[in-house]
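Visitor: no sequence on hand, only this structure:
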């Protein structure tokens, strides 16, 4: 049972929602989402996960094309 299943809070500044997804710090640092500290994993709620997906869509598509060859 992981931290998300246990009900950890979203780590985005000013957000107190329950986290839905866990991403690496490297992935989240490519977006405008700010968080405190220097954790290994960043836990995001539904709203911030959607924000991250929208902001990094192009880069993730390019990575998929490049690394799938």
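Guide: Now that the structure is in, tell me what you want to look at. What you see is a predicted model; the values in this text were computed from it and never measured. Numbering: from 1, shown residues only.
Visitor: for residue 10, the count of nearby residues, please.
Guide: 23 (other CB atoms under 10 Å). Yep, even glycine has a C-beta here, placed from its N, CA and C like the rest.
Visitor: and it, what does it touch?
Guide: Residues near residue 10 by CB atoms under 8 Å, 6 or more residues apart in numbering: 16, 17, 18, 19, 43, 44, 45, 48.
Visitor: how about it, phi and psi?
Guide: With angles defined as degrees, to the nearest 10, residue 10 sits at phi -60, psi 140.
Visitor: where's it relative to residue 55, distance?
Guide: Counting by CB to CB, to the nearest Å, the gap from residue 10 to residue 55 is 16 Å.
Visitor: re earlier: can you list which of the contacts of residue 10 are found in helices?
Guide: Among those, the residues falling in helices (DSSP state H) are residue 48.
Visitor: of the contacts of residue 10, closest to residue 67?
Guide: Closest approach to residue 67 among those (CB to CB): residue 44, at 23.3 Å.
Visitor: tell me the contacts of that closest one?
Guide: Counting by CB under 8 Å, 6+ apart, residue 44 has contacts 10, 11, 12, 19, 20, 21, 22, 23, 28, 33, 52.
Visitor: please name the bridge partners of it.
Guide: Legend: beta-bridge partners of residue 44 under DSSP bridges are residue 21.
Visitor: the strands in the protein, which residues?
Guide: Using DSSP state E, the strands of the chain run over 21-24, 41-44.
Visitor: can you give me the buried ones in the first one?
Guide: Residues of strand 21-24 classed as buried by neighbour count (16 or more other CB atoms under 10 Å): 21, 22, 23.
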